[in-house]
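>>> Give me a model of this one.
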Amino acid sequence: FQVKSSSEKIKYICKIAKKQFDLHHKLHIQTTNEQASIYVDSILWSYPKDSFVPHKISLTTCEEIICISHLDINSNGANTCFNLTNRAILNDCFSIIYDFEVYDTKNSSQISEEKIKLYKEASLSIASF
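Next comes the predicted model:
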């Protein structure tokens, strides 16, 4: 997803998490650290204002449809990952990886371009929205 603001990121994270939950398709949300996991946790409990997406922060295996972790584990055995880190995720267990193309600063642009390059080198399909 190409985004230019934090509010756009929040919208997409919640939209994809809700869609996955409604379809009963497991989703792993990969964050950079504990603070980021807690932030995503709070967003999913409060956005949008009229609903929430059930989920769990997990540091071990779990059975939840939506799991958030800052450790490099696929805690719920999901096929789909939402990458909220600054590095490409090249894990064979994921058949779909959602990622942001962020263009709000020069540094974030470079990180996005590097991740796209690594995904292409790994022969992963890339779809932009």
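>>> pLDDT weak spots in this structure?
Within the chain, the stretches with pLDDT under 70 are 1-5, 103-106, 126-129.
>>> Work out which residue lies at the spatial centre of it.
F82 (2.0 Å; CA atoms, centre = their mean).
>>> wait, that residue sits on A36?
No. Checked against CB atoms under 8 Å, the pair F82 and A36 is beyond contact range at 12.0 Å. Backbone N, C-alpha and C define where each C-beta goes, glycine included.
>>> partner strands of the host helix or strand of Y98, parallel or antiparallel?
Y98 is located in strand 96-99, with elements delineated by DSSP states H and E. Applying DSSP bridges, strand 96-99 is found paired with strand 80-83 (parallel).
>>> ok, and what's touching the partner strand?
13, 16-17, 20, 25-30, 74, 89, 91, 94-100, 115 (CB atoms under 8 Å, 6 or more residues apart in numbering).
>>> can we see that at 7 Å?
Residues from elsewhere that reach strand 80-83 (CB atoms under 7 Å, 6 or more residues apart in numbering): 13, 16, 20, 25-30, 89, 94, 96-99.
>>> neighbour-wise, which of the residues you listed leads?
I29 (28 neighbours; other CB atoms under 10 Å).
>>> Sitting in helices, which of the contacts of strand 80-83 do you find?
Judged by DSSP state H, these include I13, I16, Q20 as members of helices.
>>> Which of those sits closest to Q110?
The nearest member of these to Q110, counting by CB to CB, is I13 at 22.3 Å.
>>> so what's that closest one up against?
V40, I43, F82.
>>> Surely the first one touches T31?
The one in question is V40. Yes. Assessed by CB atoms under 7 Å, V40 is found in contact with T31 at 6.0 Å.
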